[in-house]
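Colleague: Take a look and give me a structure for this.
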Amino acid sequence: MGIKLVIIGGVAGGATAAARARRVSEEAEIIVLERGEYISFANCGLPYYIGNVIKKRDDLLLATPEEFKERHRIEVRVFSEVVDIDAKKKSVKIKHIHTGEIYEESYDKLILSPGAEPIKPPLEGIDLENIFHLRNIPDSDRIKHMVDSKKPRNAVVVGGGFIGLEMAENLVDRGVNTTIVEMLDQVMPSLDWEMASIVHKHLREKKVALDLENGVKAFSKADGQIVVSTQKGKQIECDMVLLSVGIRPENKLAKQAGLKIGNTGGIWVDSTMKTSDPDIYAVGDAVEVRDLVTGFPTLTALAGPANKQARIAADNALGRKSVFRGTIGTSIVKVFDISVASTGANEKFLNKHDIPHLVSYTHSGSHAGYYPGATNTSIKLIFSPAEGKILGAQIIGKKGVDKRIDILATAIRAQMTVFDLEELELAYAPPYSSAKDPVNIAGFVASNILKNDMEIAHWDEISELMNQGAVLLDLRTKFELKHSGKIDGALHIPIDELRNRLSELDKQKEYVPFCAVGYRGYLGHRILVQNGFKSRNLSGGFITYKTAS
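Modeller: Numbers count the residues shown, from 1 in each chain. A predicted model of the protein is given here:
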């Protein structure tokens, strides 16, 4: 007779752990306890079901309890909430949601996959009708019914993270005027501000109203509508509200069982996903794991890491040795026509913890410019100043963003440097890329910085540099100045005229050459420094400066 494995919670963590456990052992007795109705569903697809992009509700259901029993010989008990864990006795107390019946179940090994719960701030009126949050299929059913039947004209999304942005897009696509209220000065907190500003611009182009650096104070009802009162005194009338202000790990059961809780609030686990109790493992959104780039403890509410942790926990619970080395938080989200992706550490975190780093910005075509349909791909690369080790990356664009972020995520895992990015041999044909892929170009630019072939200035340094007497040198064409805008106070000399007009410049001054994206600025920098001038190229060029300033 094999061991008895009890798993608390389904979806990405619990269901994956159960299926893996059966593949490892035919003899094990495996029981999954799920307090909801569904054991395995595509929670990442819920906003798109509401938006009618996913037409069939059943497409969200990945496996039923009956399918688990038939295929894996795993007993799944839905509507079964675990209310207590007795670690000494090695048993769990289970309450049936509908009948209220409470009974006990013993275990040899236990895997916790409780997930994370949406934060519900204690605001006045927060329990009013038509104020929703989105975590599971019943939540999506309620929201979709509201949109389908009531045809709301106006909605407020509170919070600008993944769910908030996806819901804003899908509500707008359903014809609902949508406002995002966000306490931070930006959406997508995984991004740095200047990259998030690209997202802000696109959201506004899509008629999404952004109310940043403003929190919700209270909700009330007036004339059949919800009134959202903000901390800055604004009153926003709407037909529905979607709360997406963040999540927190569900650690209540773990605390009751006396398990160690990490500083982040997540359940502490070691590299085998074992908790402080040798017979209890934990996985998914509820656990605290190691950030692979910085070594700091972190919470990662992503399906990919949860699946990997579940496999590892199942292996170890059944006697195999598997290790979870950490997470780099690779993520991507669709925001209307653009894709927004990040991996590794952002600059905000590195600055907060005084971790040395350098940054470069590049804007490259998604594929060869002479092949129709190429669009801009904006990359922020973060790397160490010593050896050029890649610490993080953020990419925004319309095409090929997923491909590039995955390359950079792999590079971080492999502890590669920006010099390695120069040498990557990536697939090229005109419809897909260029002979120098945007990842290669990011590597070239970062390597030039480390090799001192290019000294740079960033967008947020320009005002101070000008105050100190530096001269901005605009190397773009007259046409670009007329149609794209300019920086006040900049001296205009097109790049092709620069060599012949060096006599107009003063070698006692420092120049900051720039173009649209940085390449001509780099050429100008090399011309200047090799002719005895002091120069710093504006990283990311006019596009980065204009968007972020």
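
Colleague: so where do the helices sit in the stretch 151-300 of the chain?
Modeller: Assigned by DSSP state H, counting those that start in this stretch, the stretch 151-300 of the chain shows helices spanning 162-173, 193-205, 252-256.

Colleague: can you pull the buried residues of the longest one?
Modeller: Under the neighbour-count criterion of 16 or more other Cβ atoms under 10 Å, helix 193-205 has 194-200, 202-203 buried. Using the backbone N, CA and C atoms, a C-beta is placed for each residue, glycine as well.

Colleague: Same list, the helices of the stretch 151-300 of the chain, but as CSV with mean pLDDT please.
Modeller: Below are these laid out as CSV (pLDDT from 0 to 100):
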stretch, mean pLDDT
helix 162-173, 96
helix 193-205, 97
helix 252-256, 96
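
Colleague: Save these as JSON lines, and put in distance to residue 405 too.
Modeller: Converted to JSON lines, the helices of the stretch 151-300 of the chain look like this (distance: least, Cβ to Cβ, whole Å):
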{"stretch": "helix 162-173", "distance to residue 405": "15"}
{"stretch": "helix 193-205", "distance to residue 405": "12"}
{"stretch": "helix 252-256", "distance to residue 405": "33"}
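
Colleague: Which among those is found nearest to residue 111?
Modeller: Set against residue 111 and scored by Cβ to Cβ, these come closest in helix 252-256, at 12.0 Å.

Colleague: where's the closest one relative to the chain centroid, distance-wise?
Modeller: Put simply, helix 252-256 sits 28 Å off its chain's centre (Cα atoms, centre = their mean, to the nearest Å).

Colleague: Which strands and helices lie in contact with that helix?
Modeller: Contacts defined by 3 or more Cβ pairs under 8 Å, 6 or more residues apart in numbering; DSSP states H and E place helix 252-256 against strand 80-86.

Colleague: Go again with 10 Å.
Modeller: The helices and strands touching helix 252-256, judged by 3 or more Cβ pairs under 10 Å, 6 or more residues apart in numbering; DSSP states H and E, are strand 80-86, strand 267-268, strand 280-282.

Colleague: Highest mean neighbour count out of those?
Modeller: Neighbour counts (mean count of other Cβ atoms under 10 Å) averaged over each of those peak at strand 280-282, with a mean of 29.

Colleague: elements contacting it?
Modeller: Looks like strand 280-282 contacts strand 4-8, strand 109-112, helix 252-256, strand 267-268, helix 303-317 (3+ Cβ pairs under 10 Å, 6+ apart).

Colleague: Need those in CSV (columns: distance to residue 45).
Modeller: Shown next, in CSV, are the helices and strands packed on strand 280-282 (distance: least, Cβ to Cβ, whole Å):
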stretch, distance to residue 45
strand 4-8, 23
strand 109-112, 25
helix 252-256, 27
strand 267-268, 27
helix 303-317, 11
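
Colleague: tally of neighbours for residue 208?
Modeller: 23 (other Cβ atoms under 10 Å).

Colleague: Is it in contact with residue 169, as I believe?
Modeller: Yes. Between residue 208 and residue 169 there is a contact at 8.1 Å, judged by Cβ atoms under 10 Å.

Colleague: which residues are common contacts for these two?
Modeller: Residues touching both residue 208 and residue 169 by Cβ atoms under 10 Å, 6 or more residues apart in numbering: 157, 178, 335-336.

Colleague: sorry, back to before: most packed of the helices and strands packed on strand 280-282?
Modeller: strand 109-112 (a mean of 28).

Colleague: ok, residue 157 - how many residues close by?
Modeller: Residues lying near residue 157 (other Cβ under 10 Å) number 26.

Colleague: Check it and give its pLDDT.
Modeller: According to the prediction, residue 157 has pLDDT 98.

Colleague: re the thing from before, format the helices and strands packed on helix 252-256 as TSV; extra columns: distance to residue 17 and mean pLDDT.
Modeller: Listed next are these as TSV, based on distance: least, Cβ to Cβ, whole Å; pLDDT from 0 to 100:
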stretch	distance to residue 17	mean pLDDT
strand 80-86	15	96
strand 267-268	15	98
strand 280-282	8	98
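
Colleague: okay, these in a markdown table with distance to residue 385 next?
Modeller: Converted to a markdown table, those look like this (distance: least, Cβ to Cβ, whole Å):
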| stretch | distance to residue 385 |
| --- | --- |
| strand 80-86 | 48 |
| strand 267-268 | 33 |
| strand 280-282 | 37 |
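
Colleague: what comes up buried for stretch 122-142?
Modeller: Of the residues in stretch 122-142, 123, 125-126, 130-137, 139-140 count as buried by neighbour count, 16+ other Cβ under 10 Å.

Colleague: chain center to that stretch, what's the gap?
Modeller: Here stretch 122-142 is found 23 Å from its chain centre; the criterion is Cα atoms, centre = their mean.

Colleague: ends of it, how far apart?
Modeller: With Cα to Cα, to the nearest Å as the measure, stretch 122-142 spans 22 Å from end to end.

Colleague: Show me which positions of stretch 322-341 end up buried.
Modeller: By 16+ other Cβ under 10 Å, the buried positions in stretch 322-341 come out as 322, 324, 326-331, 333-336, 338-341.

Colleague: In the stretch 1-150 of the chain, what residue spans correspond to helices?
Modeller: Listed in chain order, the helices found in the stretch 1-150 of the chain under DSSP H, counting those that start in this stretch are 11-24, 46-50, 65-72, 137-150.

Colleague: Pipe those helices into a markdown table and attach mean pLDDT and distance to residue 292 per row.
Modeller: Below are the helices of the stretch 1-150 of the chain laid out as a markdown table (pLDDT from 0 to 100; distance: least, Cβ to Cβ, whole Å):
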| stretch | mean pLDDT | distance to residue 292 |
| --- | --- | --- |
| helix 11-24 | 93 | 19 |
| helix 46-50 | 95 | 29 |
| helix 65-72 | 90 | 31 |
| helix 137-150 | 95 | 32 |
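
Colleague: Of these, which is nearest residue 189?
Modeller: helix 46-50 (18.2 Å).

Colleague: Can you name every helix or strand that the closest one contacts?
Modeller: Packing partners of helix 46-50 (3+ Cβ pairs under 10 Å, 6+ apart): helix 137-150, helix 162-173.

Colleague: Centroid-nearest residue for this structure?
Modeller: Nearest to the centroid of the C-alpha atoms of the chain, with distances taken as Cα atoms, centre = their mean, sits residue 331, at 4.3 Å.

Colleague: Next one: that one, what pLDDT does it get?
Modeller: With respect to pLDDT, residue 331 scores 97.

Colleague: Surely residue 508 touches residue 469?
Modeller: Yes. Residue 508 is in contact with residue 469 according to Cβ under 10 Å; the separation is 9.1 Å.

Colleague: still on that earlier bit, which one of the buried residues of stretch 322-341 is nearest to residue 290?
Modeller: Nearest to residue 290 out of the buried residues of stretch 322-341 is residue 326 (Cβ to Cβ; 4.0 Å).

Colleague: Can you give me the distance of that closest one to residue 299?
Modeller: In this view, residue 326 and residue 299 are 13 Å apart by Cβ to Cβ, to the nearest Å.

Colleague: which residues do these two both contact?
Modeller: 289, 291.

Colleague: ok, back up a step: from the helices and strands packed on helix 46-50, which stretch is densest packed?
Modeller: Highest mean neighbour count of the helices and strands packed on helix 46-50: helix 162-173, a mean of 23 (counted as mean count of other Cβ under 10 Å).

Colleague: And that one, what does it pack against?
Modeller: Packed next to helix 162-173, using 3+ Cβ pairs under 10 Å, 6+ apart, are helix 46-50, helix 137-150, strand 154-158, strand 177-182, helix 193-205, strand 240-243, strand 331-335.
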